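Visitor: What follows is a predicted protein model with its sequence.
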Amino acid sequence: MAKKTETKKMLRITLVKSAIGYSETHKATVRALGLRRLNQSVVQEDTPVLRGMLRKVNHLVLIEEQGA
């Protein structure tokens with residue numbers, strides 16, 4: 001019997017708006033996502049924790065799904 005290979009869904013997160021002028025918790029969330037500069041992108045595994053972080057700063061980031 002062949003093993004089932006699990007492909008993890010990945011998300012590309014791009015910072016498109018500065019966190020200046022927003023609360024300290026929003027700034028900390030952006031940093032925790034690994035974003036430092038405008039238009040910088042990171043690829044993270046799609047998890048419930050990550051989705052919660054993205055929901056908090058959805059007005060600052062662009063989220064794209066990567067291959068499945």
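Guide: Looks like it came in fine. Numbering: from 1, shown residues only.
Visitor: Helices of the protein, residue ranges please.
Guide: 24-32, 48-56 (DSSP state H).
Visitor: Could you export these as CSV, including distance to Gly67?
Guide: Bear in mind the C-beta positions are built from the backbone N, C-alpha and C, glycine included. Compiled in CSV, these are given as follows (distance: least, CB to CB, whole Å):
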stretch, distance to Gly67
helix 24-32, 24
helix 48-56, 17
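Visitor: any chance of these in CSV, with mean pLDDT too?
Guide: Formatted as CSV, those follow (pLDDT from 0 to 100):
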stretch, mean pLDDT
helix 24-32, 98
helix 48-56, 97
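Visitor: In TSV, list those along with mean neighbour count.
Guide: What follows is these, written out as TSV (neighbours: other CB atoms under 10 Å):
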stretch	mean neighbour count
helix 24-32	14
helix 48-56	13
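Visitor: Distance check, the most centrally placed residue in the chain against Arg55.
Guide: Among the residues of the chain, the one closest to the centroid is Ile13, at 4.2 Å (CA atoms, centre = their mean). Taking CB to CB, to the nearest Å as the measure, Ile13 falls 12 Å from Arg55.
Visitor: what stretches of the protein score poorly on pLDDT?
Guide: Along the chain, the parts satisfying pLDDT under 70 run over 1-6, 68.
Visitor: just the strands in it please.
Guide: 10-15, 41-45, 61-65 (DSSP state E).
Visitor: which helices and strands sit right next to the first one?
Guide: What that stands for is strand 10-15. strand 41-45, helix 48-56, strand 61-65 (3 or more CB pairs under 8 Å, 6 or more residues apart in numbering; DSSP states H and E).
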